[in-house]
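Engineer: Here you go, sequence then predicted model.
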Amino acid sequence: MASATGVLLETNPTRFPIRNCHGRSINKQKLRHSQLSISSSPCRFPPFSQTYVKQWSSRVFTISSAYVSGPPILSDSDPKVDASEATSEEVQQSPKLISWGLLWSLLLNHKLRLGVSVLTLVGCTTCTLSMPLFSGRFFEVLIGARPEPLWRLLSKVGLLYSLEPIFTVIFVVNMNAVWEKVMSTLRAHIFRRVVIQKVEFFDRYKVGELSALLTTDLGSIKDIVSENISRDRGFRAFSEVIGTICILFALAPQLAPILGILMLSVSVLVATYKRSTIPVFKAHGMAQASISDCVTETFSAIRTVRSFGGEKRQMLMFGSQVLAYQSSGIKLGTFKSLNESLTRIAVYISLMALYCLGGSKVKAGELSVGTVASFIGYTFTLTFAVQGLVNTFGDLRGAFAAVERINSVLSKVEIDEALAHGLEREIQEKEKHDEITKLFFVNGYLESNKYFNAHYMSALKSASNLSTYAWSGDVCLEDVHFSYPLRPDVEILNGLNLKLKCGTVTALVGPSGAGKSTIVQLLARFYEPTRGKITVAGEDVRTFEKTEWARVVSIVNQEPVLFSVSVGENIAYGLPDDNVSKDDIIKAAKAANAHEFIISLPQGYDTLVGERGGLLSGGQRQRIAIARALLKNAPILILDEATSALDAVSERLVQDALNHLMKGRTTLVIAHRLSTVQNAHQIALCSGGRIAELGTHFELLAKKGQYASLVGTQRLAFE
Ligand SMILES: Nc1ncnc2c1ncn2[C@@H]1O[C@H](COP(=O)(O)OP(=O)(O)OP(=O)(O)O)[C@@H](O)[C@H]1O
């Protein structure tokens, strides 16, 4: 039944613009999606954090009171396209991935340890700050100016000396443990955020840049505590500076202001000087990064280097980078030595000032010898503490820059909602006591992403149906238009229609660059069509979560990627969430013609395959990938010319395995070989962003069109 507001909206939507939680107006179609599924299945959403629940319920209220109910409809207009209109606004509004709020809430998970750290910090700072006082008294006892027995004074000093290291140990251990735990959660949080980004995000950033976020940048955030819990850094330096200044004023108000001004000028000087050295540090860091780039590139492409005799070129390149690193290192050393001398100069100036002023006051009888002796001690304490604080501020600057980098890369809204939603649900369902899973929870909840497109997500259908649809229905690409997000002006597919009949093989042929692999990427849902849709048994695939979709699609590529674990584990990756029995693995390997070679390996199924499977031949890698796909037992199969890189013997073995794999599955084969094409139930020729010809081998030959000319010019290779 239509509510009053709903009717008003229906009649004149522009007069009553409804705004979503970001204040953005949302169209009617979106409203329909949101409201319908909210009312039909509100419990499908995982128990997000309270804030999310609040935002969610307010959205439910706004939307449901404003719209008419009805059956869930996913219109032809692409929800993703609608959502993309708002992307720039959302980018501006997106919350920072690492914020003070997040850090604070993570720290508060360790209240006890933090409490102990604060108490022990007070304890060890008190001990440290008492020492110069007792040194002064010691001199006074020695010259007879103080009537206290020496043994009593020494036993107090002894007590201080014993307590200080104990407090220090407890402080360092606790602070370190707290920060390590916070950093682990942060690391997992960032890794997860990277994993759920859309594929175009990975087109945009280099792997090196992304791994630097999790290693170098997080490293500098970690160092801000780990490297600053020693005596003369961070919190201790800060508490010592404050404590010393108070004591100095209490001890000798005549001397304290002079010393204070002196200290202040020195620290300003040191800080200014340090600021001027930032470019030198940066240059050194960059030189180090280029060395590491060169090493990675050379060793990962060692076969190419060798085949082109490129060793000398690589060595020269490495040598020039080493020299650049060396010269920036020498420059840095000079700056460091100057820095060191500055500290000493600061101490000496302060001491000279003290000797002159303090000495004259002692002579005039205004100050005791003990007080001046204590003052000298505090001068050292203050100088080193100030110096430590300046260093800590330098580290803080580095940490802020790292946070900024992480936020600028990861706070943008490029999250693949259809993937993140399913992943979130799966992790929520997992055993909460599992220590590894817990890492991905912030304060008991997964990062609740308010940018999850609720209207989009709410139209999701049950996963249990997907498997039935995929085993029994056709897969259709209907009027699919597509441009890669990084090249939005170039339309690769332009109204493409193709039906993959259930349980049959479709061969996809066409000239290079026609868009064959693009079709594969769309079927795998690495990208979504910019217009049109892909359906399975008539259902838009976007109504299913990507994690569910991944379960019904298997892809075997020309260059299958294996993980650097054992052969058995690589096959079991076909079902990464399940406990796969060894029998099932062997069964899949046998069906993929891989069992024989696997048992001849040194450790059989436990043999490690090396980085990206580099310790195996191309044909062996291919058969393991097929075994992995067999174990997965997905109803939709995509073969990206999986045998073209193999020799005749391997090809026969792999082809047998593939024939086994294709049985009863809806298969799309990108084919360059005539034999593969001829055996297919239908052949689709892709050209100009559409399917230009469709039929069997003989039908297409008879047409004497592009397919016939491809065969004629032998661009479809004969065996
Ligand atoms: N990630 C990407 N971002 C931008 N453009 C891309 C991307 N991947 C492919 N393209 C472009 O899309 C077009 C189609 O490429 P595609 O790989 O689908 O062709 P293909 O038919 O599979 O070619 P081949 O037979 O040579 O493999 C090409 O012009 C290519 O430059």
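Structural biologist: That came through fine. Residues are numbered from 1 along each chain as shown.
Engineer: only C-alpha atoms for contact and neighbour calcs from this point on.
Structural biologist: Fine.
Engineer: ok now do whichever residue of the stretch 301-450 of the chain sits closest to the ligand, which residues does it touch?
Structural biologist: Closest residue of the stretch 301-450 of the chain to the ligand, CA to the nearest ligand atom: Glu414 (15.4 Å). For Glu414, the contact set (CA atoms under 8 Å, 6 or more residues apart in numbering) comprises 197-198, 201.
Engineer: In strands only, show me these.
Structural biologist: Within these, no residue falls in strands by DSSP state E.
Engineer: how about the residues of the chain near the ligand?
Structural biologist: Taking CA under 6 Å from any ligand atom as the criterion, the chain approaches the ligand at residues 484, 486-487, 492, 512-518.
Engineer: Can you name the residue of the stretch 201-350 of the chain nearest to the ligand?
Structural biologist: Counting by CA to the nearest ligand atom, the stretch 201-350 of the chain gets nearest to the ligand through Asp203 (6.0 Å).
Engineer: returning to what we had before: buried subset of the residues of the chain next to the ligand?
Structural biologist: When neighbours are counted using 16 or more other CA atoms under 10 Å, the residues of the chain next to the ligand contain these buried positions: 484, 492, 514-516, 518.
Engineer: So which of those sit within helices?
Structural biologist: 516, 518 (DSSP state H).
Engineer: Can you pull out the low-pLDDT segments for this structure?
Structural biologist: For the chain, applying pLDDT under 70 flags the ranges 1-95, 230-231, 343, 412-413, 428-433, 441-464, 576-578, 642-648, 650, 714-719.
Engineer: what does the domain assignment say about it?
Structural biologist: 100-417, 463-559+637-718 (the TED database).
Engineer: got JSON lines for the ones you listed, with distance to Asn579 too?
Structural biologist: As requested, the domains of the chain are exported to JSON lines (distance: least, CA to CA, whole Å):
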{"stretch": "domain 100-417", "distance to Asn579": "23"}
{"stretch": "domain 463-559+637-718", "distance to Asn579": "16"}
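Engineer: Out of the ones you listed, which gets nearest to Asp434?
Structural biologist: domain 100-417 (14.0 Å; CA to CA).
Engineer: circling back to that earlier point, widest-spaced pair of the residues of the chain next to the ligand?
Structural biologist: Within the residues of the chain next to the ligand (distances taken as CA to CA), the two that end up farthest apart are Leu486 and Ser512, at 20.1 Å.
Engineer: Show me just the buried residues among the contacts of Glu414.
Structural biologist: Buried among the contacts of Glu414 by 16+ other CA under 10 Å: 197-198, 201.
Engineer: Run through the strands of the stretch 351-500 of the chain in chain order.
Structural biologist: 441-442, 445-446, 475-482, 493-500 (DSSP state E, counting those that start in this stretch).
Engineer: ranking those strands by burial, who's on top?
Structural biologist: Comparing the strands of the stretch 351-500 of the chain by mean neighbour count (mean count of other CA atoms under 10 Å), strand 475-482 ranks first with a mean of 22.
Engineer: and it, what other elements does it pack with?
Structural biologist: Contacts defined by 3 or more CA pairs under 8 Å, 6 or more residues apart in numbering; DSSP states H and E place strand 475-482 against strand 493-500, strand 531-536.
Engineer: Columns distance to Ser220 on top of those, output as a markdown table?
Structural biologist: Converted to a markdown table, those look like this (distance: least, CA to CA, whole Å):
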| stretch | distance to Ser220 |
| --- | --- |
| strand 493-500 | 45 |
| strand 531-536 | 44 |
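Engineer: for those, which one sits closest to Gln655?
Structural biologist: strand 493-500 (21.0 Å).
Engineer: ok, Asn557 - how many residues close by?
Structural biologist: A count of nearby residues for Asn557, using other CA atoms under 10 Å, gives 17.
Engineer: Tell me if I'm right that it and Leu639 touch.
Structural biologist: Yes: Asn557 is within contact range of Leu639, at 6.1 Å (criterion: CA atoms under 8 Å).
Engineer: Need phi/psi at Thr696.
Structural biologist: Dihedral pair for Thr696: phi -90, psi 170, per degrees, to the nearest 10.
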